[in-house]
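Peer 1: Need the 3D shape of this:
(one chain, ligands or ions: 1)
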Amino acid sequence: MSALRSRTLRFFALAALLICGALVIAACGGSDGDYQTAETHDTHEADDAALADLTTGELSEAALAGQKLFSANCSACHGATANGTNQGPPLVHQIYEPGHHSNASFVIAVARGVRAHHWDFGNMPPVPDLEIDEIHQVICYVRELQLSSGIIDEIPTSTPC
Ligand code: HEC
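Peer 2: Numbering: from 1, shown residues only. Below you'll find the model as predicted:
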């Protein structure tokens, strides 16, 4: 009687272990899938947020001036909302947040051009017609788009907007 009971107990213990194991595996597989979906979704939200900002006109005065300069000088390659084209990368992108590409690197990119190193679009030619104040306005525009799309939490203090 007691031998039968302990065998039954062992059977249940084993069954419980197996079920737990299966649950853990299922949970891990499931969360991996969720993570990927969330990531893809975020990228779409970033673009939508950037576009929404353009139409709702929530940009600062400096960024609004920068928006005009950006569409005249940069958007042919970087896209109207700095979301990229087949000629150049999106600047509303993790790579171009201030920790990776400071405001100074934007000034240098515009003044000297950029040799292709992150992407396969080719080199960026210099954009010589912009004054330093105008480049700062363009930076305001890009930083505010980065802010509204959640890539950065705050505009870097070196940005005049
Ligand atoms: C003819 C196309 C073209 C135009 C116009 C253009 N860019 Fe670019 N830009 C590129 C390409 C391509 C790259 C990516 C180079 C790489 O890293 O592979 C780039 C990279 C950059 C970078 C990253 C620099 C770095 O250090 O990696 C910045 C910042 C930038 N562009 C800003 C601008 C701004 C601001 C304007 C307008 C004033 C502008 N670009 C106009 C094509 C262009």
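Peer 1: would you list every one of the strands in this structure?
Peer 2: In the chain, no strands are defined using DSSP state E.
Peer 1: What residues does this protein have near the ligand?
Peer 2: 73-74, 76-78, 87-89, 101, 105-106, 109-110, 114, 116-119, 121-122, 124-125, 127, 130, 138 (Cβ under 6 Å from any ligand atom). Yep, even glycine has a C-beta here, placed from its N, CA and C like the rest.
Peer 1: Buried only: go through the residues you listed for me.
Peer 2: 73-74, 77-78, 88-89, 101, 106, 109-110, 114, 121, 124, 127, 130, 138 (16 or more other Cβ atoms under 10 Å).
Peer 1: For residue 121, which non-adjacent residue is spatially closest?
Peer 2: residue 88 (5.2 Å; Cβ to Cβ, 6 or more residues apart in numbering).
Peer 1: What are the boundaries of the helices in the protein?
Peer 2: Assigned by DSSP state H, the chain shows helices spanning 2-56, 61-73, 75-78, 103-112, 132-148.
Peer 1: thought residue 154 was touching residue 146?
Peer 2: No: Residue 154 is not in contact with residue 146 according to Cβ atoms under 8 Å; the separation is 10.3 Å.
Peer 1: Please say which of the two ends up with more neighbours.
Peer 2: residue 146 (23 against 9; other Cβ atoms under 10 Å).
Peer 1: Surely that one is in contact with residue 94?
Peer 2: No: counting by Cβ under 8 Å, residue 146 stays clear of residue 94, with 9.2 Å between them.
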